[in-house]
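> quick one, what's the 3D model for this:
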Amino acid sequence: MSKVRMKVYALALAGVLVAGAQFGQTARLNAEERPGSNPTGADAKLTDQQFKGQGLFLERCSLCHQARVLKSGTPPTVGPSLKTVFKNTSADEEKDLRTFIMNGTPHMPGFKAALSPKEMDDLVAYLKVM
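Numbering: from 1, shown residues only. Below you'll find the model as predicted:
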């Protein structure tokens with residue numbers, strides 16, 4: 001490859017990396033400016049706590065528990081769907097849910113080191129309305 005072509009590729013790669021870094025920084029700053037702000041639209045009916053819990057669910061739980069649009073070769077969900085499962089939970093059932101999430105099972109990791117008590121409250125609040 002010629003030196004000119006190598007320089008063009010290097011500059012193009014540098015531009016992509018810089019643009020990606022700036023986009024990531026902008027996205028973080030926008031999220032920090034409006035922590036927990038609830039958008040309008042489909043999620044507007046969620047409280048701020050439930051909205052934060054939805055973010056945690058999407059970040060930590062959705063890989064295994066959210067339905068996917070299956071394409072050829074795409075695996076189905078690993079864990080069960082949690083939609084409407086916790087809508088009418090009693091206080092004892094909620095306590096069991098929290099323990100289950102914190103300790104995990106042989107098929108699900110525990111999140112006691114990954115979720116703060118506030119985050120657990122947010123996640124459970126969302127699970128109860130999803």
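> what stretches of this structure score poorly on pLDDT?
Along the chain, the model assigns pLDDT under 70 to residues 1-44, 70, 73-75.
> for it, which segments count as helices?
Applying DSSP state H to the chain gives helices spanning 3-33, 48-56, 62-65, 91-103, 117-127.
> the fourth one packs against which elements?
Right, the one you point to is helix 91-103. helix 117-127 (3 or more Cβ pairs under 8 Å, 6 or more residues apart in numbering; DSSP states H and E). (C-beta placed from N, C-alpha, C; glycine too.)
> got the angle between the helix it packs on and helix 48-56?
For helix 117-127 against helix 48-56, the angle by axes from the mean of the first three to the mean of the last three Cα atoms, to 10 degrees is 90 degrees.
> so what does helix 117-127 touch, helix or strand wise?
helix 48-56, helix 91-103.
> how about stretch 47-62: buried residues?
Residues of stretch 47-62 classed as buried: Gln49, Gln50, Phe51, Lys52, Gly53, Gln54, Gly55, Leu56, Phe57, Arg60, Cys61 (neighbour count, 16 or more other Cβ atoms under 10 Å).
> look up how far Val69 lies from the first one.
With the distance defined as Cβ to Cβ, to the nearest Å, Gln49 ends up 29 Å from Val69.
> same question, Ile101
Distance, Ile101 to Val69, using Cβ to Cβ: 26 Å.
> when those two are compared, which one has more neighbours?
Using other Cβ atoms under 10 Å as the criterion, Ile101 and Val69 rank with Ile101 on top: 21 against 5.
> the nearest residue to that one once chain neighbours are set aside: neighbour count?
Excluding the flanking residues, the one nearest Ile101 by Cβ to Cβ, 6 or more residues apart in numbering is Phe111, at 5.5 Å. Around Phe111 there are 18 other residues, counting by other Cβ under 10 Å.
> got the contact list for Phe111?
Listed by Cβ atoms under 8 Å, 6 or more residues apart in numbering, the contact set of Phe111 reads Arg60, Ile101, Met102, Gly104, Met120.
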